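Peer 1: Generate coordinates for the sequence data below:
(one chain, ligands or ions: 1)
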Amino acid sequence: MTTTAAIEAVGLGKKYGRLGKWAVRDCSFRLPQGRICALVGPNGAGKSTLLGQLAGLVRPTEGAVRVMGKGPGEAREHIAFLAQEKPLYPQFTIAETLRMGNELNPGRWDRERAARIVADGGLDLSAKVRELSGGQRTRVALALCLGKQPDLLLLDEPMADLDPLARHQLMGNLLAEAGDSGTTVVISSHILAELEGACDYLLLMENGRVRLGGETDELLSAHALLSGPVAEIGADTTVVESKVTGRHMTALVRREGPIGGDWEVIEPTLEELLLAHMRSPEAPSLLTPSAEPRDLLASTSARTTTGAAA
Ligand code: ADP
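Peer 2: Below you'll find the predicted structure:
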């Protein structure tokens, strides 16, 4: 028996305005529960729009999406969403902010957890939100999200305004809290270094689509970096990117079978894998088996879009 996926999307699309361009298009993937997933891709790839769709705040123009087996509008109690703007009341103290969290989430609020996250940053509960630095505000917003005990935590570039030390501390906190509770986390960024080592799942988004999706380890081992004297690469091998420098050549390829020829073969780093795909928009997409949608495809309602708000 398989458990319900944290997220499934099939053919998801969003077009802003009747004449606007597609921000998300033909976007399909599955995210199993309990993963810490990096949502990476260049600016304008559609990451924020996708997160808004998952949170039930952006209505899909087409396609279907399920969060914890429900339409996003119906799954709200399972989801915490930290948008880029981090909406907090500037006049509130931290204590008042956490009290609001308690009142907005009756029966679900974990007071100790929220207080612990705030205390880990050495914050004074009587401090007003408007007096806090960007990093401290992010910490309070995160305490508000995690206090809700969500099954799925969606974070839109949460670390963008933090210095590297604060980023490191907050990521550590976040991962420990999510790990303890089995919360699924999707964290978007256009800075890969921010997420490397912290995430066990990856979605690379570009032009509104998921181009790579799956366990980071599996995606890495599904590729090989070849180097050697310039030569033909076997016709059966999918070449993502190749570069020739003088008589030397390097190529990032899919490991679909034995790699012939006289190459030095190593596994790419995550950065090499992502950059090669971003530089080669024509390379085919790849989802590992766990990232292939299945529940939605099996259900007869796969073609209806449900549950979105405004
Ligand atoms: P990312 O988060 O990856 O930077 P976004 O989802 O913010 O990508 O944007 C994807 C595309 O949709 C961009 O071309 C952006 O300009 C456009 N877009 C985003 N939000 C809106 C909006 N509210 N109205 C019109 N276009 C939008």
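
Peer 1: Give me the contacts around the helix or strand where L274 lies.
Peer 2: Taking DSSP states H and E as the definition, one finds L274 inside helix 270-279. Outside helix 270-279, the residues that touch it by Cβ atoms under 8 Å, 6 or more residues apart in numbering are 40-42, 192-193, 196, 202, 204, 206, 211-212, 216, 219-220, 223, 225, 240-241, 252, 268, 283. Every C-beta, even on glycine, is put in place using the N, C-alpha and C of the backbone.

Peer 1: again, only this time at 7 Å
Peer 2: If you take Cβ atoms under 7 Å, 6 or more residues apart in numbering as the criterion, helix 270-279 is touched by 40, 42, 192, 196, 204, 206, 211-212, 216, 219-220, 223, 225, 240-241, 252, 283.

Peer 1: what do you get for stretch 142-158?
Peer 2: Here stretch 142-158 makes contact (Cβ under 7 Å, 6+ apart) with 6, 48, 51, 54-55, 67-68, 78-84, 97-98, 101, 105, 108-110, 113-114, 117-118, 138, 170, 174, 177-178, 181, 183-189.

Peer 1: what's P106 sitting at in phi/psi?
Peer 2: Reported as degrees, to the nearest 10, the phi and psi values for P106 are phi -60, psi 130.

Peer 1: Can you list the low-confidence ranges for the stretch 151-300 of the chain?
Peer 2: Along the stretch 151-300 of the chain, the model assigns pLDDT under 70 to residues 193-194, 299-300.

Peer 1: residue boundaries of the helices in it?
Peer 2: Along the stretch 151-300 of the chain, the stretches classed as helices by DSSP state H, counting those that start in this stretch are 164-181, 216-221, 270-279, 295-298.

Peer 1: Using the record's assignment, carve this structure into domains.
Peer 2: By the assignment in automatic domain parsing, the chain contains the domains 7-215, 223-287.

Peer 1: between these, which gets nearest to A298?
Peer 2: Go through the domains of the chain one by one with Cβ to Cβ and the one that ends up closest to A298 is domain 7-215, at 10.3 Å.

Peer 1: I'd like to know which residues of the chain are adjacent to the ligand.
Peer 2: By the criterion of Cβ under 6 Å from any ligand atom, the positions of the chain lying close to the ligand are Y16, G20, A23, G41, N43, G44, A45, G46, K47, S48, T49.

Peer 1: and the first one, what is it in contact with?
Peer 2: The one in question is Y16. Taking Cβ under 7 Å, 6+ apart as the definition, contacts of Y16 comprise A23.
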